[in-house]
Each structure stands twice: as C-alpha cells, then as structure tokens.
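A.B. asks: here you go, sequence then predicted model.
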There are 4 protein chains.
Amino acid sequence: MQWGMIGGGAGSQIGNAHRVSAHIDARLRLTAGALDVDPDAGKRFGMELGIDESRAYGNWQEMLAGELAREDRVELVTVATPNNTHYEIAGAFAAKGFNVLCEKPLTMSVDEAEKLRRTVDASGKVFATNFGYSGYPMAYQAREMIRNGDLGDIRVVFAEFAHGFHALGDDQDNPRVRWRYDPAQAGVSSITADCGIHALHMAQFMTGQKITEIAAHFDRGVVERQLEDDAFLALRLDGGAVGRLWTSAIATGQVHGFGIRVFGSKGGLRWHQEFPNQIYFSPIGEPTRILERGDPALYEKAQLASRIAIGHAEGMFGAFGNIYAAVFGAIRGDDSGLGHNDFPSVEDGVDMVRAVHAATKSAQNNGAWTKLNDV
Amino acid sequence: MQWGMIGGGAGSQIGNAHRVSAHIDARLRLTAGALDVDPDAGKRFGMELGIDESRAYGNWQEMLAGELAREDRVELVTVATPNNTHYEIAGAFAAKGFNVLCEKPLTMSVDEAEKLRRTVDASGKVFATNFGYSGYPMAYQAREMIRNGDLGDIRVVFAEFAHGFHALGDDQDNPRVRWRYDPAQAGVSSITADCGIHALHMAQFMTGQKITEIAAHFDRGVVERQLEDDAFLALRLDGGAVGRLWTSAIATGQVHGFGIRVFGSKGGLRWHQEFPNQIYFSPIGEPTRILERGDPALYEKAQLASRIAIGHAEGMFGAFGNIYAAVFGAIRGDDSGLGHNDFPSVEDGVDMVRAVHAATKSAQNNGAWTKLNDV
Amino acid sequence: MQWGMIGGGAGSQIGNAHRVSAHIDARLRLTAGALDVDPDAGKRFGMELGIDESRAYGNWQEMLAGELAREDRVELVTVATPNNTHYEIAGAFAAKGFNVLCEKPLTMSVDEAEKLRRTVDASGKVFATNFGYSGYPMAYQAREMIRNGDLGDIRVVFAEFAHGFHALGDDQDNPRVRWRYDPAQAGVSSITADCGIHALHMAQFMTGQKITEIAAHFDRGVVERQLEDDAFLALRLDGGAVGRLWTSAIATGQVHGFGIRVFGSKGGLRWHQEFPNQIYFSPIGEPTRILERGDPALYEKAQLASRIAIGHAEGMFGAFGNIYAAVFGAIRGDDSGLGHNDFPSVEDGVDMVRAVHAATKSAQNNGAWTKLNDV
Amino acid sequence: MQWGMIGGGAGSQIGNAHRVSAHIDARLRLTAGALDVDPDAGKRFGMELGIDESRAYGNWQEMLAGELAREDRVELVTVATPNNTHYEIAGAFAAKGFNVLCEKPLTMSVDEAEKLRRTVDASGKVFATNFGYSGYPMAYQAREMIRNGDLGDIRVVFAEFAHGFHALGDDQDNPRVRWRYDPAQAGVSSITADCGIHALHMAQFMTGQKITEIAAHFDRGVVERQLEDDAFLALRLDGGAVGRLWTSAIATGQVHGFGIRVFGSKGGLRWHQEFPNQIYFSPIGEPTRILERGDPALYEKAQLASRIAIGHAEGMFGAFGNIYAAVFGAIRGDDSGLGHNDFPSVEDGVDMVRAVHAATKSAQNNGAWTKLNDV
C-alpha cells in the first residue's frame, strides 16, 4: 500500500518511529512525503528515503494537490507535524478523501477537535489517532481480560507517565524542550497534553470506560515555566471506576515512566511500557502471575498483535506497527493477519483533547471537578 | 531495660512485631504488660511470654498503678491498643512520668492530639509515635541524602501505600476488616488513617519539609462501606515541594504496597518497603545507581541502623528495632551504637493526625485545598 | 536492495523474524524465495508475501539457477532451512558469488564448516552467520565497554541459555520438538547446538576472546531422549578468562533464558535477552549502575544500533535488523547509518561448530578438557 | 534458656548475627561466653553484652570447665570460632553433654568430621550445623513443595553463590580477606568451602536428595592466590537429579549472590537470598506465580517460620532465628511455635565437608567425577 507522511523529517524521532513501524510488516511503502517545514530539506530527505522526486513535496499543500492529481495516490497519510498544525492538515486530507493517521494530540482546542470529527465522519474514510502504546500486545491482552470479566467490576485505575527529561530546566538553551512550555506552541497544557494524554487514553482503552470528570492539580517544578511540568489528576469513569493519574517531566531517573495498574472486584493487573512483554495479573486471593507476551493461552487479540514467540523481547515498533496493521486492515476491509480493524479512532482523539482541557480548567479552578462535556 | 506493653495480645500481629523488634538487640526485656482486653487472657499470655505473675496485669489501669508502686518499674511503655484508646492510655502513662512509645495514629481527633502533646511536653519524658517504617536504614539514607543536597531542591514527592487485602469486601464476615470501615471504631477515615498516614509521614521524614495543605479525594471501591478504601491526595509542603499520594486497600496483587519516590533539581530516588534494602538513586544526567544497605559508602545514620553486612536481607524487625534503639538511647542519654536519639516524636504524631483530618475535610469538600492548621 | 530467502515458510517463526527484521529499515525488499520444502506451498507463500511469480521458486536449486540468469538478481540470500542443509545451500550460493546470511549452526560437522569457510574466502563475498542476539544495542555496548577496558582484565564469563519449552517430554507427539532430539536431524548435540551456541558466541563476542577448550557435562532430564536437554560447560578463553555456561531445554518457567554476566578486574556487568534494553554495570567498589539503551553517554556502536530514544522498548527485530544493516553496509561498502560492517562472520560460524563438537566430545569423555582445535 | 557463645567477639559480623537471631524470639539469653581469642577483650565484650563477670570467660577451656561446674549451666553453646577450631571445640562441648550449634564448615577434614559425628551420636545431645539460609521461610516452602510433588521428579538444580567482595585482590593488605586464601587457615578450598558450601547444602535441603558425586573446576581470577576464588561444580544426586553450581568471590556487582533454581517434571521454582520473601513458581504450561512469604496458602512449615504478615520484609535474622527456634524445640522436646525440630544436623555438616573435599579432589584431577564417599 502506498503511504505518505507529512512531517517527521531528518532528526525527528517520531518520524523515524513511524517509518520503522509502518515498514515492519512490509505492507506499506513510503512513496510520498512533505517531510520538513523547510521545503528543500524535506524534498532531499524524502529522496534519501527512496521517495521518487516527483512525490517528494515541499509542503503539505503541494502534496495534497499532487497526490490528488495522481491515480495511484497514497492510500494513507500520516500527519506527524507540530501539534498546532494537526487540525488543518489532517482535516484537509480527510476532507479530500484520504485515510489519515494523525499524531496526538489530535488538535489544540476542543472546538477544532469536534470540527475535525465531523469532517472525518463526513468523509467516510479511515482516521486513526496515534495513541501508539495501545498497540502493544499486552495492552490488547489487558483490555480483553477486562472485557471478559477476569478482573470483575473495575474499581480503580492507577496510571502514570512520568519521566525526567525536562528536569534540568535548561529550556532556553534546549530547542527540544523550549517549545513544550511555550503556550503559543504547546497550547493550554504541557506534560498533560504530551504524556498524560497517553495514560488517559490507556485508562479508557483498557477498561472500556469513558472518563467523564477530572479534578487536576498542575505544578511547575521548574518555576520559570509557563506551563505545568508535573500534574496529578483524579478521574471519574462512566462505568463506576475512579482513576488516579500522575504525569511528570521532572521525575529524574524514570527513563520513560509510562505504566498502568487496574484493580477490580476479582483481581488486579499491572503493565509497564519499559518492560512491555509482561503483565502481572493477580486474581483475588491467589498469587500474582506473570503473563508473557506470546503465551498461547493469551487472548486472541494479543496473539494477533505478536510477531515472535514468547520470551523474545518485542518493543515499540511492534506496537506502532499494530496500529498501522489495523489501519491497513480497515482501509482494505481485510481482517486477516494483524489487520484486525481495531485502532484508536478520531473519537478517541476528541475524547483526549477534552480530557486535557478539562484537566487544565480544573487546575485553573483549584482542582474543582470538571466534566469533559463542559469544555 | 525493663519494658512494658499495653495491648498486643495473643494473635495480634503488631504486638508480636513489637516484641520481636524490641528484643532484637537484647537491650529491652518485657517485664510487665496488660496485653489483652480480656484480663485473664492478657495475664495468661503475659506469663507465657515470661512476665512474672505479679506484673501480668488485667488492664492498663492496674498496670499503671502497679508499676508506679514499684521502684524497679518499667522504663518504657508501648501502647499498642485499639486506636481510639491511645489518647487516654498514652496520656495517662506520660502524665505519670513514663516514657512511651505509642502506635499510630496518635489519637482520633486533632484536639486529643494537641492535648497529648501538651501532656508530653509537660512530662519531660521521651515519647515516640511508631511510624516504624522510618526506622529502615535506607529511609535514614534517603533523608541524609536529601539533607546533604544530593537531590538538590526537592520538587515532587510521590508516595503510595496501596494494598489489596480488603478487596474481597467481606467486611461483615471478617472481624479483622469490619472495624476498619466502622466510623465508631476507625474514626473519620479508614485507609488514609491506617496506611496513607505512613506515606504522609515518610514524605515529611525524608524531605524534612512539613505538609501544610492537602487536597484529597476519598472513594469506596466496595460501595457498601462507610469509609474510604481508596484515596488520592495532593500535598503542598513548606519547603516548596508538592506531593502526590495514593493509598488503597483494594489494590489486589499489591501485598504491601508502600513506596516513595522523591525528585529534586539534582536527582531523584525511589525506595520500596517490600524490598527495603535498596535505594534507586538517579543523579540528573547519569545512570541510575542501586544503593545497597550495608554499603560502607552510605551516610553514617544508615550504617548505624544496619545490623548485618551488605547483600543480606534485613526486614521490618530491624526497622522497628531501630525505633526502639533510638528511644532507648534517648531515655538513657546514650548516643552509642544504635541509640542515636532520632525517632518519630509526639509532634510527628500530631502532624499526622492533622494531615488525616485535613484530607478528610478536603474530601468532604470535593477536594478543596485544606490547611493542616485549619483542622 | 533485492533480497531472497531459502526456507522460512508459512508458520516458520524464524522465517517471519527474518522478514520483519530485514524490512525494518526499508533497505531490503524480499523479491525472490524458495520458502518451503513443498514447492507449491513455497511458491504460494512467496506470492502471498508479494514476490513476483517468476521468482517464487519451488526449491533452492531453481532459485540459484533463476537468479543467476537475471541481471537484477538478489544481492543477498538468507538461508533459513533445516540445519543439515545449511552447508550445501549456503555453500552453493556463496560459490556462485551471492552474498549470504546463514542461520546457525553453520553446518553439522567441523569438516563441512571448514570447507564452507574456504568457499566463502574464495568467493570474496559477504557471508554472515546469524548469531542475531549479538545485534542488540546493549550487546555492542558491552563489547565496547570491555574493549575500552571499563571492566579491566576479564576473569570470568558466566553465560546461560536455559529455557523450559521441552520440559513436557512429549517429543513423539510434538513435531516441533521431536527432530531436536533425533541425532539424524539434530546431529551430535541438541540444546548445546541450538541454544548453548548463542551463549558461546556471545561470550566470544563481548569479551573479544576466543574459546580454546571446553569441559562439558551433557544430561537428559527426559531420559528417553537420545540427545542432551541440559548441559553444563566450563570454558577456557585465549585472553585468560574462564567461562561457565549452562544451557537447558527443561528449565520450566524460564521463557527464554538467555543472559550473560562478565566479570573483570575493574568491574562486572550483566545483560539479559528478555529485558535487552538495560545493562547492569558495577565498577568495583561503586554501586551498580543501570545503563539504558538510547542513553547518549553509551558508546557510538550502541547508539548506531538503536532506532528509538531511551526508555522505549526495543526488541529482537531491532537486533536482527542490525545484523541485516551491517551486512547491507558491507555489501554496499557503505558505512553510514546502521551499516557499520560489523556482524558475525563465517569464522564465528566455524568457531561455534567447533565449540559444539568439542563440548560433545568432552561430554562423551566424562567431561575431559577438549581443545576446539582437536575436533 | 541460658545460652553461651564461643567466638563472635566485638567486630565479628557472624557473632552479632547470632546474637540478634538468638534473641529475636526472647527464648534464649546470652549468659556465658568466651568471645575472643584475646581473653581480656573477650571478657570485657561479654560483660558489655550483659554477661555476668563470673561467666565472661577468657577461653573456651575455662568456659567448658566453668559451666560444667554450675548447676545452671548453659543449655546451648554456639561455636563461631575460626574454622580450624570447630572440630576441637564443638567436639569438646558435645562430649561433655552440651547441646551445640556449630558454624560451617563443620571441620577442616573429612576425618575430623566423621569423628565429630561419632562424638555427637554418642552424646545423645542436640547438634546443629549452621547452614543458616535454610532457615528462611521460603526455603522451607520450597522443600515442602518438592516433598509434596509440586515440581514432579526433580531433574536439575542450579545453584549459585557468587559475590564480588574479593575482586580487588588486595589480600595482603586486607586481613578480612587474606586468611581466606591461605591454605594453612582456610584448608583445601576457599570460596567453595566458604560460600559454595551453602549452595551445596541448599541443593540437598530443598530437593531432599543427597549429592553423591562432583566434577569441579577451580580457578583463580586473582592469579596470585593459592586457593580458588571461582569454582564451577557439576553434581549428581541420589534421586536422579543433576546439579550445576557456580560460586565466586570475584563477581563484582553481586552483593551477596546466593540463589537457587530447581526444575522438575511438573514445574520449576527459583529463590534468591537477597529478596528472600518471594519464590517464583512455574507449573509446567502455566504462568509463573510469585509466592509471597506470609501467604496463608503456603505450607505449614513456611507459616511457622514467618514472624510477620505477607508483604513485610523479613530477613536473615529471622532465618537464623528459625534455626535457633528449631534447636530450642529439639532441646526442650517442644514442638510448639517455631520449635519444629527441623534444622541442619551434624550429618548435614559431615556431608558438606565431604562435598567440599570431593570438589577439591576433582579440581585437582582436571574435573574428574569424584564420589563423596571416596574422600
């Protein structure tokens, strides 16, 4: 399947992650791109990646026009540009009938998110929001366990995504950090929109419950910052569970720091992204069991999402690759192999924009409970 | 040193923990006790433990009178009775000039706590509140590291004490659980006063900062309960740090669940009670180091609190034993060996009663920030 | 680069691993194959994978002839057929001037191995033996640390590759297991040639020392077997180190079980394949440090072998992908990107055939020390 | 119970461990001792520990005479003197009718060991050899699991006791290390007799099988040494299991390094002394379970050996304390509480002296299989 990318130029970590992940199953092939805000750099890098000169575009508008003009246009477009451009670009491609995989956060505002949702609904095309961690085999396994009642009624979800890479506070000297605490570029929230959002999505993904209300406290460990680098959120979910969530960019020593624990009336489980091939599952009154990716006793979704036998390590490219595989399956109407048509949707994207905004509003109101429907 | 106990009868876990810990260094010897609410059972059990018949008392009043009448009276009294009797019993012994080690929570109300503090101050005697986990060698190590600036300015403390032993919800059938959710016996709070309180104390102990304000959310995973079995607290500390704290009794699979992480401008650390002989210390920009109890490079306090070489496991009796050793040192004016006169005081006990009440009040007010001085 | 495979048909785990890994960087493209011992099945599966019908061959002889006849022939051939065919197939392709990546063990006998080495040497082409685990970024890191003297003089290497997947002993009913204990198919050794061989290679790879002598004990936990399912090897290396190695197929609970520890005069390290993104490094007299894949302070080789930032999980496809990247670099004379021309060679393959045969001979002689040069 | 010690003076780690462990249950009380090779230092230290001046002896001969002359003599004597004096001292006390707990190794030679065994048999008294690690609750649990067939027929035992505290090679400057590699003081073997012996004993203890034959390789990582600092042993046990054992003093980064894994036809387990409160148990074909000390579902022996609830850490003093408790029970004929009359016997001590000597002889013969009955 022909595939195009917007953003993700040379030196972009997420861009590379998309390319490795999309290619992992040899189903997609990068054949078009507008990869850099600098048109020449973008074209050059595209050609380095093997894109034909005619489809190494200078910007997304050229790419939209160019691909529309071709019969063999790309079937899927990945949008991996700065956050404040997602709305315009993803919306433009969706409106013209392209299938789209858009990076998170979907948009900067709730209003944009709702508009984009309507565009996507009208398009009838496939649209995914890249909450890529939900593609891990053991994330599917956790969701299936909960769906099947292995944990009973879910009572508490504890999620954290707390790393330490902004602890140095050298924002002014560090362009990779600076924009993250600049409201003009990052929007209303920093770490919550950047990392907390994954934990929020995973809480919904695993439990199958929607977050309805949030009470949040935002803090700045590096006090010069304009946006929060550490936040603490209480959640209420529509199935009766409560959530507790911590996200941070100043938790020195945590090299990624994304993990989740779910507790129900019949048992609990925990999973951590840094060691993603295991789930620790504790049926009430029994010893904790270590479930291993690749175990034939896992649920089928977890099996389909695995590419290698138990005991071997699989990593993030496999997880992202599963998102691509599911999107591929949805586009082609193909439910074979990994194409199980099960990926984070535009609705998930909208939900999470609302969650970030509700958290921000709550934090601005001293932690008052704030409904996602009220932002 | 002659030592007496009130409460901690046959079958009491905490009673046994006190006896093992107090005897570990062979400095104290249990020579008097009123060990059970049933006078006969208490006397019988006391004699089984080797207490002379004349000092195996039927209740604490008899013990107070009996010991006062002896010249060779006990030098230290441990109060390990139900929580709602601490105030009366500990106060009575302190008022009569006994040194006291009282279990947590110090009292049921803030008013009682302040009165007891005044009694203790007037007595001029030693009084300790048994936040026993702070006696772990690596808890001292963490405190000394922070005191010495190894972590820089402390920004965030993340503490959790979340276990799963009340997840079954069989309160009515289970006398060990039932009282914990009965306001008449447990007071205003359940898991926060029972477990969260240790995490609150440890946050103060390690950072050397006082908690000033709390915003809390209390929930009941077992909805029939009258008191919270899961709580989530945001903290503000007087040195500028913020705290995030989760405590639970329904986190199935966590067999103890007490741990703490501290993050500052120069580094972070984490410690977990289930594996108490290690601290994971991460200087900013460098790999995480595993500090081991018994390493001669640790701070002196941590050395003094260790009884065996690096690599061997030490456990909770050593930690409690260190509290006893410090109390012994304070009573005797002896700073040799483990007697380093450094233990949780009546003030710590009062602080923590305030913290629990502030959390409760906040939870009753939808998570409004509540000052410890306002309860 | 056009790439072909022999073996690795539908249902073959190792075949799939090769395809995912080879495609991960989008440098190679599977354009020819003889994928199955059943010609029709092989052709069908090849076409399913997108191979053109004209290059979906029925057997390796057809493929050799067919590709030789094309100007745009594949530049690299992977041999992933049963072990007892490696010699013939890899030799035939190498002799005709193809670059080859051959699965381990290189051959069944030392004599075959030496002949194949001579064929490769005469060909002037690239030839790799797939000790794929050595492609892990942290395996490169360990090697570079040792090369640079961070561990001092190496004294002891402790390696283990002990899993439990043959513990059931259901060989007769299980075709995936049966052949492994049949000397006609497996050769002189089972678990040593299958798994122990990776540990032997890693010991050489990390230390840069060659194994010269082996004393081995072979045992059969499932006594009906004709070949060993558990073995224990003492090693002597040419740089003065000694090795201890345990390999097993009956170690129930170990889901992969490949790990290595290296100890020198200045420090020690350990690495485990199930959690491949960390090395635990202990400089003598200092706390153990956790080195994380992706840390910019690692050696350059480890950086080049990483595809994503610190904290994310990378897995086996990345490791195999690095072997492919290095082979690609060697073929193209390209040292950019991951093509660092550093992969297990035909000589490594020969060494390891000798090691397996020396171990077998030693085990047959009650564990007598046996030189690799004497088999 | 009155209790005496020989050796274990001020600064002796093992002496302190004995005192803490013996006092942990408040059943024993140190009332006599000859604690130091320097008579004055020994007396002074004894009195510091609260021993009456009349029973703070200058040497063991005085203590033997003095205690024999008293009616209220000590009921148990612990021998914690240098290894080459165990035979004479433990033998003298046993011969005179004292119950004895002797440190390992029991004696320096097999001949001495057999003579001591006969002395003990003739005495009719209790005699224990302090393989203290076998007192851990989870060591009892492992043994009971194996006894009850939870692992099926035992096939392989993998044990290691490999630390790094002699890696510096500063023997001449370090009196705590120097004697360990001096044959005059340490005997025929160093690390095998010091640490490997515990792993050998644990293999017997857990499996209930006796080691019959050993093939061993001894090496010196610090080449100046006269005795081995690293050894590798293959074992045959009388129940059909084989053993693999590694012991080292130069494994930098391992701060204790004692662990064991046992594999049978129905499952496997592993246990590590540094984290002694857990067993990882893997029934064949099922996920690994984490068994926690204190879990009411454990076998009764493991329950009796625990002093605190699940989730709390227990450590080595509890393990040693269990040896004392069992010895106490045997002396008093009391099977209540922890006194379950189940401790390492003189026979265990003799077995292990034979094992060390068989290993040494094997190592001297290039790793030839050597029967324990032939040394």
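C.D. replies: Structure's in. What do you need?
A.B. asks: how about stretch A:154-172, does it reach chain C?
C.D. replies: Yes: interface with chain C: stretch A:154-172 contributes residue A:163 (C-beta under 8 Å from any C-beta of the partner chain). Glycine gets a C-beta too; all of them are placed from N, C-alpha and C.
A.B. asks: ends of that stretch, how far apart?
C.D. replies: Between the start and the finish of stretch A:154-172 there is a gap of 44 Å, counting by C-alpha to C-alpha, to the nearest Å.
A.B. asks: does that stretch come close to chain B?
C.D. replies: Yes: when contact is scored as C-beta under 8 Å from any C-beta, part of stretch A:154-172 falls within range of chain B: A:155, A:156, A:158, A:162, A:164, A:167, A:168, A:169.
A.B. asks: which one of these is nearest chain C?
C.D. replies: Within those, distances to chain C taken as C-beta to the nearest C-beta reach their minimum at residue A:164, with 9.6 Å.
A.B. asks: could you check how many residues crowd around that closest one?
C.D. replies: 23 (other C-beta atoms under 10 Å in any protein chain shown).
A.B. asks: what of residue A:301?
C.D. replies: Neighbours of residue A:301 under the rule other C-beta under 10 Å: 18.
A.B. asks: need the contact list for it.
C.D. replies: With contacts defined as C-beta atoms under 8 Å, 6 or more residues apart in numbering or on different chains, residue A:301 is in contact with A:140, A:141, A:143, A:144, A:340, A:342.
A.B. asks: so the fifth one sits against residue A:303, correct?
C.D. replies: No: Residue A:340 is not in contact with residue A:303 according to C-beta atoms under 8 Å; the separation is 10.6 Å.
A.B. asks: so which of the two has more stuff around it?
C.D. replies: For residue A:340 versus residue A:303, neighbours defined as other C-beta under 10 Å are more numerous around residue A:340 (19 against 16).
A.B. asks: so which elements touch whichever strand or helix holds residue A:361?
C.D. replies: The secondary structure element spanning residue A:361 is helix A:346-364 (assigned by DSSP states H and E). Using 3 or more C-beta pairs under 8 Å, 6 or more residues apart in numbering or on different chains; DSSP states H and E as the contact criterion, the secondary-structure elements in contact with helix A:346-364 are helix A:110-123, strand A:127-129, helix A:197-207, strand A:211-219, strand A:230-237, strand A:370-371.
A.B. asks: quick check: angle from it to helix A:110-123?
C.D. replies: Angle, helix A:346-364 to helix A:110-123, by axes from the mean of the first three to the mean of the last three C-alpha atoms, to 10 degrees: 170 degrees.
A.B. asks: what residues of helix A:346-364 count as buried?
C.D. replies: A:346-363 (16 or more other C-beta atoms under 10 Å in any protein chain shown).
A.B. asks: check stretch A:136-155 too.
C.D. replies: Going by neighbour count (16+ other C-beta under 10 Å), the buried part of stretch A:136-155 is A:136-146, A:150-152, A:154-155.
A.B. asks: pick out the residue nearest the middle of chain A.
C.D. replies: residue A:131 (1.7 Å; C-alpha atoms, centre = their mean).
A.B. asks: wait, isn't that one in contact with residue A:348?
C.D. replies: Yes: contact criterion C-beta under 8 Å: residue A:131 and residue A:348 qualify, at 6.4 Å.
A.B. asks: what touches both of those two?
C.D. replies: Joint contacts of residue A:131 and residue A:348 (C-beta under 8 Å, 6+ apart) are A:201, A:205.
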